[in-house]
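In: need a 3D model of the following:
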Amino acid sequence: MKLAELLSQLDAQQDSSFFRQVDPVGGKYTVTAVLPTVEDILDWQEGRCSFNYGYYRFIDHPLIHTLQEELARYYHIKNCMAYTTHQCALMELLDYLLLAKPRMTIKVIHEQANDPLLNRLEQLQTNIVQVLPADINKLQPLSAGKDEIILLAVPSPDSLIEQESSFFELVRQQRIPVIVSTSELPETTWDTATITYRVCELDSEKRIQGGVILSNADRPLAALRELRKQKGPVLSSRNLDALKQNISTPPSRESQILGRLCDMEHARYGFLFPSGMNAIATLFSILRTETKNQMVCIGHLYTDTYSLLTYGKLRSGRPDNIFLNTHELDQLPGILHENTAAIITETITNPLNDVPDLRKISEIARQHNIPVLVDNTFATPFNCNPLDFGVTAVIHSTTKYLSGANDHAGGAVLVNDETLARKIETFQQAWVNRMSEFETSVLWDHMQDFEQRMVRFNHNALQVAQFLEQHPAVQQVFYNQNPSHDDYAVAKSLLRGGGAVVSFTLKNDSLQGLTQFYNASLQPIIKAPSLGSNTTLVCPYTLLAHYHESDDTLTELGLSRYLIRIAVGCEDDLSKIIDALNQALS
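Out: The predicted structure follows:
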């Protein structure tokens, strides 16, 4: 099937009875959108609606949504999911299937003696059996307990299934999943009773990267949809639009970006990813093994980072993640052991602005030869360089401050360790989870005034934090440059500036109090999730990130259910922002 013909007919439409129309924040390729009222957020969390635009990992861009719907309709199947590349889609599917059966055997039917697919599969740390199509019967006996997967990676898989009908009849009887992996979309429908999943390239000419999983399997695809939110291998809407309009891929700016980032972070090696969470997921995949499975987490981590930790421990079957707050570092030496894979923390934590003592953490970790991973998104390299304190790897969501315009999606990892750098490089070469060339072009343009913007970000956030702390309607402010913050002293010793996220609670700390504040006009502040935007954004953080958590869990996390987070922008005139906050609080 020629995708270009289908794309030319697409009008990026969504069912208006379920998809509520909201305004994109960053233009055509937005990565977030306006959430107008608390009621809209509650309806979305309760499943009563979705939005036509939203934060890009959680709500598919209209172009991507429509592509998935139309491909499913074209092939008369239930599910289609788009990924950044064909290889990445295959990895995510296999990794999910191995979650239930970690010892599962992947039986591969392929035609190439030196198929690069086999090198990719080795990284999944499971049993691999390979045969040529002529030797397909050597794959018997088949396991009746779904302890194996058939992976068909040949140019004409449907023809082979027809030729070897007796073998595939046994496969059907044993209910063994069959994955077909091809470099192009199929021309017609197929035997879904035999083929459980099809993983395909979107662009058969391989000019523009993109991949899809096609399947009738509802439960696995629903789980994969949630994992795609957490792990972030998201197809760039720019890639899909370029396919639709037959636009060529621009020259990549990857080398320029990495050169600049390595210089800013004092790093020797750098890597770009389709999202910040995909950068984190890659490090987890590389560092967590069967024998080194424990992760030590310090401070309040980003919600999806925590979810990935949970996912990882399910795969290994050993729930041994350890969580410490930033004031419990004295416990760290007694926790670390030979099974510890890594320590992970954030330079400035989300959303409470805690600042862990990176010097102390790195010193303890070095004594035990354990890597330290630090998400530096909130601080940015303008305010802190964790590698200088002995950290092993620095992570960024380039979607945020490095871009600033709400129209780019990406992530980065910066390291000095050559061995780790080689492992990351091998992983990326195998699964092709790199930032889109279109996204590198946009990011490079946005990075040109990064330092100038950060000066204003730091200044504006401090002004907003000081204003809020003095306002009679505000109960508590969380900003590390305010002397009232518990980590003020550590922040002053580690940071050159406090970043631009300020969180606070109201004295009327209730749904009614939050609604009164959030449903006010608030202009020119934009009501949207995300941060790092050049224009100020506000959101009810806990309602978005921890809606389904119990009161006891929120208390343990130190979060009010009605906590408000302001991602202060770098506006030249801050008076309008202060005036809008004052009016909404009054």
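
In: what residue in this structure is the furthest from its centre?
Out: residue 166 (42.4 Å; C-alpha atoms, centre = their mean).

In: and that residue, its phi and psi?
Out: Main-chain dihedrals, residue 166, degrees, to the nearest 10: phi -70, psi -40.

In: repeat that for the one 5 residues further on.
Out: In terms of degrees, to the nearest 10, the main-chain angles of residue 171 are phi -60, psi -40.

In: neighbours of it, how many?
Out: 21 (other C-beta atoms under 10 Å). Backbone N, C-alpha and C define where each C-beta goes, glycine included.

In: which residues sit against the helix or strand hosting residue 466?
Out: Element membership for residue 466 (DSSP states H and E) is helix 450-470. Helix 450-470 is contacted by residues 380, 382-383, 401-402, 404, 474, 477, 479, 481-482, 484, 497-502, 504, 534, 536, 566, 568-572, 574, 577-578, 581-582 when judged by C-beta atoms under 8 Å, 6 or more residues apart in numbering.

In: can I have the buried ones of those as a PyMOL selection?
Out: Selection of buried members from the contacts of helix 450-470 for PyMOL, criterion 16 or more other C-beta atoms under 10 Å:
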select buried, resi 380+382+383+401+402+404+474+477+479+481+482+497+498+499+500+501+502+504+534+536+566+568+569+570+571+574+577+581
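
In: can you list the low-confidence ranges for the stretch 301-450 of the chain?
Out: Across the stretch 301-450 of the chain, residues meeting the criterion (pLDDT under 70) sit at 312-319.

In: now the strands for it?
Out: Here the stretch 301-450 of the chain has its strands, by DSSP state E, counting those that start in this stretch, at 322-324, 340-346, 372-375, 393-397, 411-415.

In: show me what the last one is packed up against.
Out: When contacts are defined as 3 or more C-beta pairs under 8 Å, 6 or more residues apart in numbering; DSSP states H and E, strand 411-415 sits against helix 254-265, strand 269-273, helix 276-287, strand 393-397, helix 418-431.

In: how about the third one?
Out: Taking 3+ C-beta pairs under 8 Å, 6+ apart as contact, the helices and strands that strand 372-375 lies on are helix 276-287, strand 340-346, helix 358-367, strand 393-397.

In: where along the stretch 1-150 of the chain do the helices fall?
Out: Listed in chain order, the helices found in the stretch 1-150 of the chain under DSSP state H, counting those that start in this stretch are 3-7, 38-45, 62-75, 86-100, 116-122.

In: so where is the protein shaky, pLDDT-wise?
Out: Short version for the chain, where the test is pLDDT under 70: 1-2, 4-6, 8-17, 113, 144-146, 312-319.

In: repeat that with 90
Out: For the chain, residues meeting the criterion pLDDT under 90 lie at 1-19, 98-104, 111-127, 141-147, 203-207, 244-248, 288-293, 303, 306-321, 557.

In: got the buried residues for the helix holding residue 466?
Out: Within helix 450-470, the residues scored as buried using 16+ other C-beta under 10 Å are 450, 453-454, 456-458, 460-465, 467-469.

In: partner strands of whichever helix or strand comes after it, parallel or antiparallel?
Out: Next along the chain after helix 450-470, taking DSSP H and E as the criterion, comes strand 474-478. According to DSSP bridges, strand 474-478 forms sheet pairs with strand 501-506 (antiparallel).

In: and the angle from the partner strand to helix 450-470?
Out: Counting by axes from the mean of the first three to the mean of the last three C-alpha atoms, to 10 degrees, strand 501-506 lies at 10 degrees to helix 450-470.

In: now residue 209. Nearest residue, chain neighbours left out?
Out: Spatially, and ignoring its direct neighbours in sequence, residue 209 is nearest to residue 85 (4.8 Å; C-beta to C-beta, 6 or more residues apart in numbering).

In: isn't residue 41 right up against residue 540?
Out: Yes. The pair residue 41 and residue 540 passes the contact test of C-beta atoms under 8 Å, sitting 6.6 Å apart.

In: re the thing from before, out of the helices and strands packed on strand 372-375, which is closest to residue 301?
Out: Among the helices and strands packed on strand 372-375, the nearest to residue 301 by C-beta to C-beta is strand 340-346 (6.6 Å).

In: contacts for the closest one?
Out: Applying C-beta under 8 Å, 6+ apart, the contact partners of strand 340-346 are 283, 287-289, 292-302, 305, 326, 332, 336, 356, 358, 361, 365, 368, 370-378, 392.
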